[in-house]
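Trainee: what follows is a predicted protein model with its sequence.
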Amino acid sequence: MEFYKVARSGQVPDGVVRRFFVNDIELAVARWDGEVYISSNYCTHLDCLLSSGHVTDEGLLCSCHGSVFDFESGEPILPPATKPIKMYPVREENDEIFVGLEPDAAATEGPKRRERLGTDI
Ligand code: FES
């Protein structure tokens, strides 16, 4: 696993989730109570972008249908999602945020619904 720079720390203030790309992988980068959490940007319910959601007391809220995902585990806390979102290792050093990715992550990560449909949106 290698760590890649995602953003400057100041780009993700507390209580905010934003979208970033690293090696074609779309990530949701959130900060809650000072800690940075990085997940896939795709909700496991119907692939809505989690970067369009909100940071809440319970976890990361998908704004489409209200699922909430635990920041640590990615497990859904509130339905309709039933599967966890993928969480990535995070480092924050010298005012920069880094994400840990496997070498083949770009080939295996992405929106599952689009894969099923065989489309390249
Ligand atoms: S797409 Fe996220 S809750 Fe439905």
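Mentor: Cool, the structure landed.

Trainee: which residue ranges of the chain form helices?
Mentor: Ranges of helices in the chain, per DSSP state H, are 105-108, 112-117.

Trainee: so who does the residue nearest the centre of the chain touch?
Mentor: The residue lying closest to the centre of the chain (C-alpha atoms, centre = their mean) is residue 39, at 2.3 Å. Residues near residue 39 by C-beta atoms under 8 Å, 6 or more residues apart in numbering: 27, 28, 30, 50, 60, 69, 74, 85, 86, 87, 88. C-beta coordinates here come from the backbone N, C-alpha and C atoms, glycine included.

Trainee: ok so, going back, in terms of mean pLDDT, which of the helices of the chain ranks lowest?
Mentor: Set side by side, these give their lowest mean pLDDT on helix 112-117, at a mean of 55.

Trainee: average pLDDT for stretch 45-63?
Mentor: 97.

Trainee: actually stretch 2-17, not the one I wrote
Mentor: The average of the pLDDT scores along stretch 2-17 is 97.

Trainee: what pairs with the residue nearest to the centre of the chain across the strands?
Mentor: Beta-bridge partners for residue 39, by DSSP bridges, are residue 28, residue 87.

Trainee: one more: the one 10 residues further on?
Mentor: Listed by DSSP bridges, the beta-bridge partners for residue 49 are residue 42.

Trainee: and stretch 82-96, average pLDDT?
Mentor: Here the average pLDDT along stretch 82-96 is 97.

Trainee: from residue 94, how far out is the residue nearest to the centre of the chain?
Mentor: Residue 39 sits at a distance of 23 Å from residue 94 (criterion: C-beta to C-beta, to the nearest Å).

Trainee: hang on, the earlier thing: quick one: the residue nearest to the centre of the chain and the ligand, what's the gap?
Mentor: From residue 39 across to the ligand, the span is 12 Å (C-beta to the nearest ligand atom, to the nearest Å).

Trainee: ok, residue 2 next?
Mentor: In terms of C-beta to the nearest ligand atom, residue 2 sits 29 Å off from the ligand.
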